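Peer 1: Quick one: sequence and predicted model below, then my questions.
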Amino acid sequence: MNEAMIYSCVLAAWLGVWLWDRRRIRCDIARVVAREEDNRRLLEEFSRECEQTFLEFSKKLSRAPRLSFASSPPRLSSGEGAVTRPPASQRMKKDGPGKGPAKSVERIAEILELASAGLKASEIARSLAVPEGEVALILNLQRNRSGSTTLVTGAGSEPAAQR
């Protein structure tokens, strides 16, 4: 093979690769353009929907009554479906403020009574349908008041190591 023929083959190969690459790039550009047109169409559609929603909301807002909170806050109606709650004085035990609801005081007394009878926190929790952590907390608070350093844990309900 002579030099001119080798040069012609290299040139033809390079030209083939260049044409193939150019065609691939044109296809990529066509895909990007098509995707951009789809995105533009979706964005225009979204923009129209937003504008319609804004107009509908503006119309409804203009028909809504104006509220003024300058003098006093609005009160909830006590009509059908309204939730009513008794005053705090009726919800609390008659012992006075700060004593907590009567049910809680009774529950604490039951927990302490069962604990003095020798039941574990887990057994007390099961028998009274109270969370075990709540029982352990009540027992630990009572032990702290009495000066004991033995802690009751929630899991297993055995006293923890002395601190």
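Peer 2: Done, it's in.
Peer 1: Contacts only, for the closest residue to Glu110 other than its chain neighbours.
Peer 2: Closest residue to Glu110 apart from its sequence neighbours, by C-beta to C-beta, 6 or more residues apart in numbering: Leu128 at 6.1 Å. C-beta coordinates here come from the backbone N, C-alpha and C atoms, glycine included. By C-beta atoms under 8 Å, 6 or more residues apart in numbering, the contact set of Leu128 is Arg107, Glu110, Ile111, Leu114, Val135.
Peer 1: now do Leu119
Peer 2: Ser127.
Peer 1: phi, psi of it?
Peer 2: Dihedral pair for Leu119: phi -80, psi 150, per degrees, to the nearest 10.
Peer 1: Ala117 too?
Peer 2: Residue torsions, per degrees, to the nearest 10, at Ala117 are phi -80, psi -10.
Peer 1: What's the separation between it and Arg22?
Peer 2: Separation of Ala117 from Arg22 (C-beta to C-beta, to the nearest Å): 93 Å.
Peer 1: ditto for Ala4
Peer 2: Ala4 is 26 Å from Arg22, by C-beta to C-beta.
Peer 1: Equivalent analysis for Glu51, please.
Peer 2: In terms of C-beta to C-beta, Glu51 sits 43 Å off from Arg22.
Peer 1: The helix or strand hosting Ser104: which residues count as buried?
Peer 2: Assigned by DSSP states H and E, Ser104 belongs to helix 102-116. Residues of helix 102-116 classed as buried by neighbour count (16 or more other C-beta atoms under 10 Å): Arg107, Ile108, Ile111, Leu114, Ala115.
Peer 1: for this structure, where's the lowest mean pLDDT among helices and strands?
Peer 2: Sorted by mean pLDDT, DSSP states H and E, the helices and strands of the chain end with helix 88-91, the least confident at a mean of 53.
Peer 1: pLDDT averaged over stretch 117-128, what's the number?
Peer 2: What stretch 117-128 shows for mean pLDDT is 90.
Peer 1: Over to stretch 52-71?
Peer 2: 80.
Peer 1: switch to numbering from 444
Peer 2: Will do, 444 is the new start, and the previous item becomes stretch 495-514.
Peer 1: Please put the alpha-carbon coordinates of it into CSV.
Peer 2: Coordinates of each C-alpha in stretch 495-514 appear next as CSV, following Å, rounded to 0.1, in the frame of the first residue of the first chain:
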residue,chain,number,x,y,z
GLN,A,495,-57.9,30.4,37.4
THR,A,496,-57.5,29.2,41.0
PHE,A,497,-56.3,32.7,42.0
LEU,A,498,-59.4,34.3,40.3
GLU,A,499,-61.8,31.8,42.0
PHE,A,500,-60.1,32.4,45.4
SER,A,501,-60.2,36.2,44.9
LYS,A,502,-64.0,36.0,44.1
LYS,A,503,-64.7,33.9,47.2
LEU,A,504,-62.5,36.1,49.4
SER,A,505,-64.3,39.2,48.2
ARG,A,506,-67.7,37.7,49.2
ALA,A,507,-66.4,36.6,52.6
PRO,A,508,-67.4,38.8,55.6
ARG,A,509,-64.6,41.0,57.0
LEU,A,510,-63.3,40.1,60.4
SER,A,511,-62.1,42.6,62.9
PHE,A,512,-60.3,41.5,66.0
ALA,A,513,-59.7,45.0,67.4
SER,A,514,-62.3,44.9,70.2
